Every structure is written in C-alpha cells, then in structure tokens.
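1. I need the structure of the sequence given here:
(one chain, ligands or ions: 1)
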Amino acid sequence: MEYDIIIVGAGPAGLSAGIYASRLGKKTLILEKLNPGGQITLSSEIENYPGICKIKSGLEFMACWSEQAKKFGCEIKSEEAKKLKMENGKWKIKTYKNEYETKAVIVATGSTPKKAGFEGEIEYTGKGVSYCAVCDGFFYRGKNVAVIGGGDTALEEALYLSKIANKVYLIHRRDKFRAAPFTQQKVLNATNIEIIYNETVKKVFGNQFVEGIILSSGKEIKVDGIFVFVGMKVNNELIKDLVELNEWGEIKVNLNMQTSLKGLYTAGDIRENSIKQVVAAAGDGAVAAINACKWVDELESK
Ligand code: NAP
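-> Prediction:
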C-alpha cells in the first residue's frame, strides 16, 4: 500500500499533521497503536488551548480531531508501526498486519511520563495524581500539594505550583537534587516549599479523590494533589537508530521539523526543545505536514 505521507501517532501533533497534509491533497495515512487523541486524553480538564472558552476534558477536546482529518480524506488505522526503513528511495513502514510505502514520514509518537511506583498511583491518576503542572496546577489554587522528584522538571514545576498552591511539599528520594544549582536556590528561597529529603511516597489515600500520602518512613501528609516528575520516556523506538538524538533521546529537528534525514519529520513531545503542550504539538504537526508536502512535490517534480 502506497501513500504520499504516513504519520505515526494520532495525538495532537499527528492529527494536526493529518489535517494539514490531507487538506493539501496528499494521500495521507495515520498509524496509531492505541486510540486517537494521545496522552492529553488523560487530562481531566483543558482550559489553556486558545479558543477554548468552555473547559473540556482531554477526551472531549480531542474527540473531533480525527473526524476533521478524515473529512479531508486522511485515513486512520489502528496499527502499531514496528519498523521503519528507507529502501530504493522510499520509506517502508511495517506493522504486524501490513507493509506500507511512502514518500515522507512524520513521527509524532510523543513522550510518556515515568511512574513513581507508589501504591494507588494508577487508580488516582486524574483524581489528584498528575504528571502536568501546567495542565492541572490551577485546580489546586490555595490547596496543599506534593511534588515528587529531584530533577530540573520537579524543581521547576514545584516553583510553578508554589505560585498557585498554598503549600508545596517537595519529596525527593535522596539528600541531593540533580536539578541546576540556580533552580535549587530558587526552590530554597521559596517560602511555601517544604523540602522532604530521603523519602519516597509509599501510598496515596483518599476516597473519590486524593486526600493525602504516606511516606516510606510512615509519616502521613494531607495533600489534595500529587505531581509526579520522575523523568520522561521519549517514545523514540521507531527512529532512534536512524536519526540524530540529543542526550535525552529527543529527536533533533530543524525549523521545518525535519530530522537529520530527508523526508523524515517529527512533531510534538518527541522532538528536541518541545514545551510539551497541546498547542505547540498541533503547531509542530502543521509545520511538519506543510514541509513534508513540499518534499513530496519536490520528489514528484524530479
Ligand atoms: P531527571 O533529571 O531524570 O530526574 C528525575 C528525578 O526523579 C531524579 O531526581 C530521580 O531521583 C527521581 N526519581 C526517578 N525515579 C523515581 C522514583 N521511582 N521515585 C522517586 N523519585 C524518582 O528527569 P527530569 O527532571 O524530567 O529531566 C529530564 C532531563 O531534562 C534532564 O536531563 C534535565 O536536566 C532536563 N531538563 C532540563 C530543563 C531545563 O534545562 N530547564 C528542564 C527540565 C528538564 P535521583 O536523583 O535519585 O535519581
């Protein structure tokens, strides 16, 4: 089966790319291993996407993106892309079911926050356990929250939350942070951040929503929210051996979202310097699609 453009991943970046590429008249396919919508469908409320005045759940918000792409002729298949290679000037993508050929590929497989591994973490995700302070922090205005982690993300997000929440407990499993010294100093200067060293969260408790945590020492702390920042896993498996990555496994791209290989683009959380926000992923998708279309036109004019 042959396409002009194949997009891997149907989150905001992939679906936006699908809308743009198919509307520009290219035969476009999106391959998605789960359901369309991406990680944002786990978010309880979206309110920072421009133009969205009525707060929606992530699931509601993403519901019509695939319909919009299909309206322009984009196909969406529930298949996991397992292998990508260049052969005789064409990209070949293998799934368990099929093998596809395409002139350009856009990989938009995103990233996945790592789990901290405490009891109740999965059950309370979206009910007080969050992996995104920008998305969910607002809902903890004037409340007490816990942040887990000792890296740049945890400390930066703890600072962000300290401006919204009443109090932030920053819980780190060691007695030294790995975050930049400058960030550490800012955290130390914040009056409403209490640092708890050498502790992990053992379990979360509550009823319908989080009410508190129990630490490894047995200490109990009442909090309404727990923000977990123990690292991100970039979902780069499909292309990590093909293109240039940075030290965190993110894909290096130019301003056209092109990777180190011609005809191969990435968009969204997987790319270097992504701010990991839906609006940015959608923008990346559009940039990648427009440039992939130009690449296809260039190939066809040869
Ligand atoms: P990270 O640097 O890998 O830090 C993860 C933190 O979580 C570490 O402190 C680690 O503890 C802790 N941790 C890991 N697993 C845990 C568990 N199961 N329970 C409790 N704690 C756990 O991740 P990150 O903060 O997301 O940053 C990723 C990369 O992006 C880093 O290289 C970072 O410098 C970079 N980054 C840069 C910026 C910036 O430049 N502004 C902003 C954000 C991120 P240990 O320290 O004990 O291992």
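2. okay, CA-based contacts and neighbour counts for the rest of this
-> Noted.
3. which residues touch stretch 144-163?
-> Residues outside stretch 144-163 that contact it (C-alpha atoms under 8 Å, 6 or more residues apart in numbering) are 116, 133, 137, 165-173, 176-180, 183-184, 186-187, 190, 192-193, 200-201, 222-231.
4. touching the ligand at all, that stretch?
-> Yes. Counting by C-alpha under 6 Å from any ligand atom, the ligand has neighbours in stretch 144-163: 149-154.
5. from the contacts of stretch 144-163, which are also near the ligand?
-> Within those, those near the ligand by C-alpha under 6 Å from any ligand atom are 116, 172-173, 177-178, 200, 229-231.
6. from the contacts of stretch 144-163, which ones fall inside strands?
-> 167-171, 193, 201, 222, 225-228 (DSSP state E).
7. rebuild these as CSV, extending it with neighbour count and pLDDT.
-> As requested, the ones in strands among the contacts of stretch 144-163 are exported to CSV (neighbours: other C-alpha atoms under 10 Å; pLDDT from 0 to 100):
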residue, neighbour count, pLDDT
K167, 22, 98
V168, 28, 98
Y169, 20, 98
L170, 24, 98
I171, 22, 98
I193, 22, 98
V201, 24, 98
K222, 16, 98
G225, 29, 98
I226, 29, 98
F227, 25, 97
V228, 25, 97
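8. nearest to M1, of those?
-> Of all the ones in strands among the contacts of stretch 144-163, M1 sits closest to V228, with 42.2 Å by C-alpha to C-alpha.
9. quick check: beta-bridge partners of the closest one?
-> Beta bridges link V228 to I148, judged by DSSP bridges.
10. report the contact partners of it.
-> Contacts of V228 (C-alpha under 8 Å, 6+ apart): 115-116, 129-131, 147-149, 154.
11. so which residues on the stretch 1-150 of the chain come close to the ligand?
-> So far as C-alpha under 6 Å from any ligand atom goes, the stretch 1-150 of the chain lies against the ligand at 116-117, 149-150.
12. the same query, at a cut-off of 5 Å, please.
-> 116, 149-150 (C-alpha under 5 Å from any ligand atom).
13. what's the residue of the stretch 51-200 of the chain found nearest the ligand sitting at in phi/psi?
-> Scanning the stretch 51-200 of the chain for the residue nearest the ligand gives G150, at 3.2 Å (criterion: C-alpha to the nearest ligand atom). G150 adopts backbone torsions of phi -130, psi 10, taken as degrees, to the nearest 10.
14. from A13, how far out is it?
-> Here G150 is placed at a distance of 29 Å from A13 (C-alpha to C-alpha, to the nearest Å).
15. and those two? Which one has more around it.
-> Using other C-alpha atoms under 10 Å as the criterion, G150 and A13 rank with A13 on top: 36 against 24.
16. for the more buried one, what are its contacts?
-> Contacts of A13 by C-alpha under 8 Å, 6+ apart are 108, 267-268, 278, 281-286.
17. what sits up against the helix or strand of the chain with the lowest mean pLDDT?
-> Of all helical and strand segments in the chain, the minimum by mean pLDDT, DSSP states H and E falls on helix 133-136, at a mean of 86. With C-alpha under 8 Å, 6+ apart as the test, helix 133-136 has contacts from 43-48, 130, 157, 160-161, 227.
18. just give me the longest strand of the chain.
-> Assignment by DSSP E gives strand 99-107 as the longest strand of the chain.
19. okay, now the sheet partners of that strand, with direction.
-> When pairs are called by DSSP bridges, strand 99-107 turns out to pair with strand 2-8 (parallel), strand 90-94 (antiparallel), strand 264-266 (parallel).
20. could you find the lowest-pLDDT member of the contacts of V228?
-> Lowest pLDDT among the contacts of V228: Y131, with 91.
21. rewinding a little: buried residues in the least confident helix or strand of the chain?
-> 133, 135-136 (16 or more other C-alpha atoms under 10 Å).
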